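J.: Sequence plus the predicted model coming up.
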Amino acid sequence: MEIAQIGNFYEDFIVGEEIKHSLSKTIFESDNNLFCLLTMNNHPVHTNIDYAAKNQHGRILVVGTLVFSLAVGITVPDISGKAIANLGYEDIKHLAPTFLNDTLYVRSKILDKRESKSKPDRGIIYVESIAYNQNGIDVLSFRRHVLIKKKNY
């Protein structure tokens, strides 16, 4: 058996490449509740069935930052598993609501890459990731710059 490797080296990324990540996650009520407790987000639209039923979507919404965190996590084996650092996240957009028991999937596209100007053992990739649900509806998008190790260092 070959030991599984996490992530890719800088040289492995190809500008324009699209990656459909193999991981996915169904968001359970317990996930949402725990995240609300950990982050101190006690808005009733995330935790109160009666309140949520009387508001715009008629049911509990999953906390947006949980959706974002899961989307990032789903990309780790392919995008940032060999990262030195995530340098910055930008243009985070909530495109549609996410509800309890929705399943998240993510696809990413490599938008650009460049070698580090100061250190020859690394490079920076620029990637856009889009999370979508079991119905194929895009629910979240974001872009980030990731500092990635090179192969031969």
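T.: Thanks, I have it.
J.: separation between residue 67 and residue 126?
T.: Going from residue 67 to residue 126 by CB to CB, to the nearest Å gives 22 Å. Any C-beta I mention is one placed from the backbone N, CA and C, and that applies to glycine too.
J.: Looking at those two, which is more packed in?
T.: Neighbours were counted for residue 67 and for residue 126 using other CB atoms under 10 Å; residue 67 has more, 24 against 18.
J.: mind checking how far residue 18 is from residue 129?
T.: As judged by CB to CB, residue 18 and residue 129 stand 11 Å apart.
J.: Please identify which of these two sits among more neighbours.
T.: The residue with more neighbours, out of residue 18 and residue 129, is residue 129; 23 against 10, by other CB under 10 Å.
J.: Can you pull the residues that touch both of residue 18 and residue 129?
T.: By CB atoms under 8 Å, 6 or more residues apart in numbering, residue 18 and residue 129 have these common neighbours: 107-108.
J.: contacting residues around the nearest residue to residue 57 once chain neighbours are set aside?
T.: Distances taken as CB to CB, 6 or more residues apart in numbering place residue 97 nearest to residue 57, at 5.6 Å, with adjacent residues excluded. Residue 97 makes contact with 57, 61-62, 139, according to CB under 8 Å, 6+ apart.
J.: For residue 113, see how far away residue 97 is.
T.: 33 Å.
J.: now do residue 123
T.: 6 Å.
J.: Give the residues shared as contacts by those two.
T.: Joint contacts of residue 123 and residue 113 (CB under 8 Å, 6+ apart) are residue 10.
J.: Please, where are all the helices along the protein?
T.: Assigned by DSSP state H, the helices in the chain fall at 29-39, 44-47, 49-53, 64-75.
J.: which stretches of this protein have low pLDDT?
T.: Within the chain, the stretches with pLDDT under 70 are 4.
J.: dump the residue contacts of the closest residue to residue 19 other than its chain neighbours.
T.: Spatial nearest neighbour of residue 19, excluding adjacent residues (CB to CB, 6+ apart): residue 108 at 4.7 Å. By CB under 8 Å, 6+ apart, residue 108 lies in contact with 18-19, 21, 75, 78-79, 127-130.
J.: Among the residues you listed, which ones are in strands?
T.: Mapping the contacts of residue 108 onto strands (DSSP state E) picks out 18-19, 127-130.
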